[in-house]
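Participant: sequence and predicted structure, then a few things I'm wondering about:
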Amino acid sequence: MAETNHEGQSAGDNFDLTQFYQIFFEEAGENLDQMEQMLLALDLAQADDEELNAIFRCAHSIKGGAATFGFADVAELTHQMESLLDKLRRHELQPSAPMVDVLLESSDALRLLLARHQGKRIEAPATAELVQRISALAHGTAKAPVATAPDASAVAAVNMAPVAIRAPTLPAGARELELHIGPLENPTQADGIAELFRDIPGLGDISSLPCDQSDKRVYRVVTTANDTDLLDLFTFHVSKEQIHIFDAATAPAGARTHTTATATATATNGAAPVPSADFGFFDGAPGMPETDATVPTAPVVSATPQAEDPPKAAARAASAASASASAAGASGAMESNTLRVSVSKVDQLINLVGELVITQAMLAQKSSELDSAANQPLLAGLADLDRNTRDLQEAVMSIRMIPMSVVFNRFPRMLRDLASKLGKKVELVTHGESTELDKGLIEKITDPLTHLIRNSADHGIESPEERSAKGKAEHGTITLSASHQGGSILIEVRDDGKGLSRDKLLKKAREKGMDAPDSLSDADVWNLIMAPGFSTAEVVTDVSGRGVGMDVVKKNIASLGGTVEIDSAEGYGMRVSVRLPLTLAIMDGMTVQVSDEVYILPLASVIESFQIKPSEISTVAQGARLVKVRDEYMPVIDLEHVFQVPRFEFNASSPIMVVVEADGLRVALMVDELIGQQQVVIKNLESNYRKVPNISGATILGDGKVALILDTSSLVRRSRH
Amino acid sequence: MRSILAVDDSASMRKMVAFTLTGAGFHVVEAVDGQDALDKAQHHAIDLVLTDQNMPRLDGLGLTKKLRENPKFKSTPILILTTESSDQMKMAGRAAGATGWLVKPFDPARLIEVIQKVIR
């Protein structure tokens, strides 16, 4: 929409605003996140000025960008939010729960609007109702509609009377105006203005009037909005100079303009009006070139009829000027030291460094054959290269690391909605938000964590009555924490709810026909809830879903190379600990050999390894083979057979069994030799070749050979068929 | 080449302004808020300051006042970008020592036009 305007004005300069859209979308998303967090943290009884200012700034910033880049619907809704927030920060209104609610809902709606502008095919959110609710709240305690009283103290809000606006007689505060648009090179530009009235509910009514000049359009408008707001909206379609607003009663022929320039009717110091009031210079202000006659001097200190509450605005401006750093301020300042780069560029960098690591490893291997005395300088150089490569790899990997706060921040809102739905009181406490994790993992851990928190709120935390009956605080607490532990990250979800009941779990397991002897350790009993199809809730609610609960969580986390542990004390709560590798790009692997082939096993899934005699393997029905490990029979998978590895020598060495676990099941893999443990850089096989059964990826070894990384979970599944 | 200090807490606005001005042959120094702008102003030669009003830490008016306290910026043109074209805003701008103002949203060509009225 805005483009027409730009084309009209920029006279040959080709400004393509679309190139800034992406930055705007990301920035708007961040602003919404920030606003949401601050709204949730807002203490309604004692709202801090700086907090209110910061929330206001978020809406303000989105509005500014949306207006500049031509997203009128976003601009309109944020404009409403801004008006309400402006009243809050000026203490004209007291913040209330309904206000927070409507602002949160509006921020949801804005996300949808923004997603639509980004090309997502989703239904447009109903913003009309939001606009009305915000407006009603903003004017709930405000004085009568603005437009009728030039000195009214209301802020520059589109002042909407929610219902009465389309009534045949003029609603309270509404004015009948005549709108003259033109001259226009392309008069259809003006159609956009008529559309505005259709698109923005509550703005008022517009109807076309006959006009004898072909490059002009005349409309009759009934609205409660003031001239400034109308101009703000109209300038999305045509430039300010082409808009003339008249009072319907006094309008046509004489053309007494009613725009901001007319405002000088109430001017206080008689400064000369200037037709276009979208910029201006101050007379005799520092910085003005003194000789320049073309400079239009100052509409400036001439008053506009929509004057904002004078003393307060000035006072606010002064106090804002001395405002100190806030949360928003800190992140704003941080931005000056950050750089936005697309993920694909970072991935390319990581890939190249991976190649470098491999080349370095190859050099290291070759150099080991050299005479160390004769090649001392070369070897010293290679040692440096080794160290630098490792440092470089670590540094590059850290680029992909983002703080857990990105995930954690979405939960306060979710929990708030959830708690009110469930009629419970729940408080979320988070620790270690700054702990960093690979971006890929962050994205994938969000769903499982969401599930765990929902579970805690739904099944863990009791109702306020139940809690007080037990002598607990009415407010349940869910604690979410993240910390680094060695090469992995530990994320814990803890609640002080009712905890797991050992007896109930065992009973349920038996009902389900599972093997659950009383001798099971606590840990094993807790693990029962992660068995497929096991759901402990007596009533299945729509919150935690049905049955697809912890088993899915466990599976998802296992697919990330992580583990889940549960701990609980009945009556006191439960703790779920999720342990994840720091990155998906590097893995600790165990190198094994089968004939002349080398394979990598994820170290995390390796339980133990031992040597056996071929005679210890027993063959059962349908050729399935089993090996007895401490009184337990375990399926044997012969890798040589699975991958059809050719074998040229037939020495009958005792095979080695490597026990691996995946999805809660264990199998023994038969290999010839254990070569060692090493970190490997994972290369995607699918994108470079195609999907291969039982293989999850590939890596390049120090000697330059490719080794395949085994997919233990699919091997385990294979053993079950 | 003339240098312009562009101050805005919104990255998209800043980029848009920077792109526009660079295209018009200006050198652009970007700052994310008033405080950052003060720091940058210390270390760069600045011919004109173009600042947003509503920013965290230090807003446009505050920045203007601070800059005017520094003899180096006594007569440097300072333009304030604002969504409020109200009288109070303008009076506050004049009192702070601003040279002029421009209402947001604005057209890129308009921005150049306004700036070229002050520096050429």
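Facilitator: Sure thing, it's come through. Residues are numbered from 1 along each chain as shown, chains lettered A, B, ... in the order given.
Participant: show me where pLDDT drops low in chain B?
Facilitator: Within chain B, the segments meeting pLDDT under 70 span B:84-85, B:120.
Participant: where do the helices sit along it?
Facilitator: B:11-23, B:34-43, B:60-69, B:87-96, B:108-118 (DSSP state H).
Participant: tell me the spacing between A:Ala138 and chain B.
Facilitator: Distance, A:Ala138 to chain B, using C-beta to the nearest C-beta, to the nearest Å: 17 Å. Every residue, glycine included, has its C-beta placed from N, CA and C.
Participant: closest one to A:Lys366 among the helices of chain B?
Facilitator: Nearest to A:Lys366 among those is helix B:11-23 (48.3 Å), distances taken as C-beta to C-beta.
Participant: and the closest one, what other elements does it pack with?
Facilitator: Helices and strands touching helix B:11-23, by 3 or more C-beta pairs under 8 Å, 6 or more residues apart in numbering or on different chains; DSSP states H and E, are helix A:21-41, helix A:49-69, strand B:3-7, strand B:27-31, strand B:48-52, helix B:108-118.
Participant: buried set for that helix?
Facilitator: Buried residues in helix B:11-23, counted by 16 or more other C-beta atoms under 10 Å in any protein chain shown: B:11-21.
Participant: can you pull the phi/psi pair for the residue nearest the centre of chain A?
Facilitator: In chain A, the centroid-proximal residue (C-alpha atoms, centre = their mean) is A:Val406; its distance is 6.6 Å. A:Val406 adopts backbone torsions of phi -60, psi -40, taken as degrees, to the nearest 10.
Participant: contact partners for it?
Facilitator: A:Ile442 (C-beta atoms under 8 Å, 6 or more residues apart in numbering or on different chains).
Participant: now the helices of chain B as TSV including distance to A:Ala59?
Facilitator: Compiled in TSV, the helices of chain B are given as follows (distance: least, C-beta to C-beta, whole Å):
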stretch	distance to A:Ala59
helix B:11-23	15
helix B:34-43	20
helix B:60-69	18
helix B:87-96	18
helix B:108-118	24
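Participant: what sits against A:Arg510?
Facilitator: A:Ala516.
Participant: and it, its phi and psi?
Facilitator: Residue torsions, per degrees, to the nearest 10, at A:Arg510 are phi -70, psi -40.
Participant: now do the one 4 residues further on
Facilitator: For A:Met514, the backbone dihedrals are phi -90, psi 160 (criterion: degrees, to the nearest 10).
Participant: what about it, how many residues nearby?
Facilitator: 13 (other C-beta atoms under 10 Å in any protein chain shown).
Participant: host element of A:Ser714?
Facilitator: helix A:712-719 (DSSP states H and E).
Participant: likewise for A:Ala109?
Facilitator: Going by DSSP H and E, A:Ala109 is in helix A:97-117.
Participant: run through who's touching that helix.
Facilitator: By C-beta under 8 Å, 6+ apart, helix A:97-117 touches A:21, A:25, A:28-29, A:32, A:35-36, A:39-40, A:42, A:44, A:62, A:71, A:73-74, A:77-78, A:80-81, A:84-85, A:88, A:93, A:122-127, A:130, A:133-134, A:137, A:413.
Participant: weed out the non-buried ones from those residues.
Facilitator: Buried among the contacts of helix A:97-117 by 16+ other C-beta under 10 Å: A:21, A:25, A:28-29, A:32, A:35-36, A:39, A:42, A:62, A:71, A:73-74, A:77-78, A:80-81, A:84-85, A:88, A:93, A:125, A:127, A:130, A:133-134, A:137, A:413.
Participant: if we can go back for a sec, let's see the helix holding A:Ser714 as CSV, backbone CA atoms only.
Facilitator: Provided in CSV are the C-alpha atoms of helix A:712-719 (Å, rounded to 0.1, in the frame of the first residue of the first chain):
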residue,chain,number,x,y,z
THR,A,712,21.0,-47.4,17.2
SER,A,713,17.3,-46.9,17.6
SER,A,714,16.5,-48.3,14.2
LEU,A,715,18.9,-51.2,14.8
VAL,A,716,17.1,-51.9,18.1
ARG,A,717,13.7,-51.7,16.3
ARG,A,718,15.0,-54.1,13.7
SER,A,719,15.8,-56.7,16.5
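Participant: so for that helix, mean pLDDT?
Facilitator: Here helix A:712-719 scores 82 as its mean pLDDT.
Participant: list the helices and strands that helix packs on?
Facilitator: Taking 3+ C-beta pairs under 8 Å, 6+ apart as the contact cut, helix A:712-719 packs with strand A:632-638, strand A:656-662, strand A:665-671.
Participant: thought A:Trp526 was touching A:Leu500?
Facilitator: Yes - with contact defined as C-beta atoms under 8 Å, A:Trp526 reaches A:Leu500; the gap is 5.8 Å.
Participant: what's the overlap in contacts for these two?
Facilitator: Contacts common to A:Trp526 and A:Leu500, judged by C-beta under 8 Å, 6+ apart, are A:566, A:568.
Participant: circling back to that earlier point, for the helix holding A:Ser714, buried residues please.
Facilitator: A:712-713, A:715-716, A:719.
Participant: buried residues in stretch A:630-637, which are they?
Facilitator: A:634-637.
Participant: partners of the residue nearest to the spatial centre of chain B in the sheet?
Facilitator: Centroid-nearest residue in chain B: B:Leu50, 1.4 Å away (criterion: C-alpha atoms, centre = their mean). Counting by DSSP bridges, B:Leu50 is bridged to B:Ala6, B:Leu79.
Participant: and it, how close does it get to B:Phe26?
Facilitator: Distance of B:Leu50 to B:Phe26, given as C-beta to C-beta, to the nearest Å: 10 Å.
Participant: and if you look at A:Thr78?
Facilitator: 30 Å.
Participant: same check, this time on A:Gly513
Facilitator: Applying C-beta to C-beta to A:Gly513 and B:Phe26 gives a distance of 77 Å.
Participant: neighbour-wise, which of the two wins?
Facilitator: Set side by side, A:Gly513 and B:Phe26 show more neighbours around B:Phe26, with 22 against 7, by other C-beta under 10 Å.
Participant: what sits against the residue nearest to the centre of chain B?
Facilitator: B:Leu50 touches B:4-7, B:17, B:21, B:79, B:81, B:111, B:115, counting by C-beta under 8 Å, 6+ apart.
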